[in-house]
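For reference, the sequence and a predicted model appear below.
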Amino acid sequence: MLVRGRYQGEGIGLVDDKGRVAIPSSLRTTLAANAPKADGKTGGTVIVGPHQKSKCLVAYDQGYLDILAEQLDRREAEHTGPGGEFDYNIKRRAAAGEAVPFDGSGRFIMPAFPRFYASIGEHAFFYGVLDYIEIWDPATLIAEADIADNVKAAARFHMMQKGLAL
């Protein structure tokens, strides 16, 4: 059984007018190991879609898709009513992902709808949360009440390091 690496690290990426952005190296190394190209060349495939709850994106490797499906199947079973009906939105919220290639530098093109959904403009803040990577518009993340202070501080720090104002 393949052991998946866990995503830890963070960073800011500049998003160009075509939606291209580079995954920070601290996260790219794990993603490349979890989602290698079959031909052995650098790069691979990342799945990007809207977060189930927050106004951000999630990015993950194909191996996490199976884990996510198992989690959603369990959640669906736990929320099945007496008549056999379950909340169809459980899977709808998590299923909207698009597989996109990334190169050896971690550059990929952010899918248009997910980028629109998360209001990601010129900068994307990447944050590893072990099983997947969250991708935020920095200002949206800072304004979000439910986000841990250390994550907000990391976004502020990385923006400051690049000389960028929030």
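Structure's in. What do you need?

For residue 21, grab phi and psi.
Per-residue torsions, residue 21: phi -150, psi 150 (degrees, to the nearest 10).

Could you measure from it over to residue 6?
The gap separating residue 21 from residue 6 is 22 Å, by C-beta to C-beta, to the nearest Å. (Each C-beta comes from the backbone N, C-alpha and C, glycine too.)

Please identify the helix or strand for residue 125.
Per DSSP states H and E: residue 125 is located in strand 123-128.

partner strands of that strand, parallel or antiparallel?
If you go by DSSP bridges, strand 123-128 pairs up with strand 10-14 (antiparallel), strand 133-136 (antiparallel).

Sketch out the low-pLDDT regions of the chain for me.
Applying pLDDT under 70 to the chain flags the ranges 1-2, 37, 39-41.

biggest helix in it by residues?
The single longest helix within the chain, with elements called by DSSP state H, is helix 62-78.

And it, what's buried?
Judged by neighbour count (16 or more other C-beta atoms under 10 Å), helix 62-78 contains these buried residues: 64, 68, 72.

Please apply the same query to stretch 14-24.
Buried positions in stretch 14-24, judged by neighbour count with 16+ other C-beta under 10 Å: 15, 19, 21, 22, 23, 24.

these two touch, right, residue 101 and residue 43?
Yes. Look at residue 101 against residue 43 with C-beta atoms under 8 Å: they come within range, at 6.4 Å.

Can you tell me the number of residues neighbouring the residue lying closest to residue 135 once chain neighbours are set aside?
Nearest residue to residue 135 in three dimensions, chain neighbours excluded: residue 57, at 4.1 Å (C-beta to C-beta, 6 or more residues apart in numbering). The number of residues packed near residue 57 is 25, by other C-beta atoms under 10 Å.

Return the distance of residue 57 relative to residue 146.
Residue 57 sits at a distance of 16 Å from residue 146 (criterion: C-beta to C-beta).

again with residue 62
As for residue 62, its distance to residue 146 is 29 Å (criterion: C-beta to C-beta).

if we can go back for a sec, got the contact list for the longest helix of the chain?
Contacts to helix 62-78, defined as C-beta atoms under 8 Å, 6 or more residues apart in numbering, come from residues 2, 4, 34-35, 45, 47, 60, 86-87, 90-91, 94, 97, 99, 131-132.

And the next helix or strand past it?
Assigned by DSSP H and E, the successor of helix 62-78 is helix 89-95.

ok, back up a step: with the buried residues of helix 62-78 in mind, which one is nearest to residue 155?
Distance to residue 155, by C-beta to C-beta, is smallest for residue 64 among these, at 23.1 Å.
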